[in-house]
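Student: Just need the structure, nothing else, for what follows:
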Amino acid sequence: MEIIVRGRRLGKTEELIKESAKTGYYIVAINHRLAEITSRAKELGLKIPFPITFSEFLDGRFRGLDIKGFLIDDVDVLLLQLSRGVPIAAATITRGDKSE
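Tutor: Coordinates of the predicted model:
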């Protein structure tokens, strides 16, 4: 899993859009970001699968869509939703390929 870390408005979502266009992976986004993501993809001349919301991702509504992978935008916000608003002080991520 690749982690993209940058400040606000420094191209993180655009990088996900380009990866989605290349791989066909679905972007998982906060509700209000869906329109922004799809319009930005159009501006870049790229075709991407229509993004899904955090709630669709969490409740599994994507099942049966033949999804090969996900690209999660604003994963920190997703984790905060999972923790029901309780701050997450730290997290770890194991780097490696998909087989590890």
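Student: Going by C-alpha atoms from here, please, whenever you check contacts or count neighbours.
Tutor: Fine.
Student: The protein: helices as residue ranges?
Tutor: Here the chain has its helices, by DSSP state H, at 12-23, 33-43, 54-59, 75-82.
Student: what comes into contact with the shortest one?
Tutor: Which is helix 54-59. Identification of contacts with helix 54-59 by C-alpha atoms under 8 Å, 6 or more residues apart in numbering yields 28-31, 62, 78.
Student: among those, which are in strands?
Tutor: Among the contacts of helix 54-59, the residues falling in strands (DSSP state E) are 28-29.
Student: Let me know the closest of the contacts of helix 54-59 to Glu19.
Tutor: Distances from Glu19 to the contacts of helix 54-59, taken as C-alpha to C-alpha, are shortest for Val28 (12.8 Å).
Student: quick one: the closest one from Gln81, how far?
Tutor: 13 Å (C-alpha to C-alpha, to the nearest Å).
Student: okay, the two: which has more neighbours?
Tutor: Val28 (25 against 15; other C-alpha atoms under 10 Å).
Student: bridging residues for the more buried one?
Tutor: Note on Val28: beta-bridge partners Ile52, Ile72, judged by DSSP bridges.
Student: That one contacts Pro51, correct?
Tutor: Yes - Val28 is in contact with Pro51 according to C-alpha atoms under 8 Å; the separation is 5.8 Å.
Student: Low-confidence ranges, the protein, go.
Tutor: 96-100 (pLDDT under 70).
Student: Just the buried ones among the contacts of helix 54-59, please.
Tutor: By neighbour count, with 16 or more other C-alpha atoms under 10 Å, the contacts of helix 54-59 hold 28-30, 78 as buried.
Student: Quick check: the farthest pair among the residues you listed?
Tutor: Across the buried ones among the contacts of helix 54-59 (C-alpha to C-alpha), the longest gap, 9.4 Å, separates Val28 and Leu78.
Student: This completes my enquiry, with thanks.
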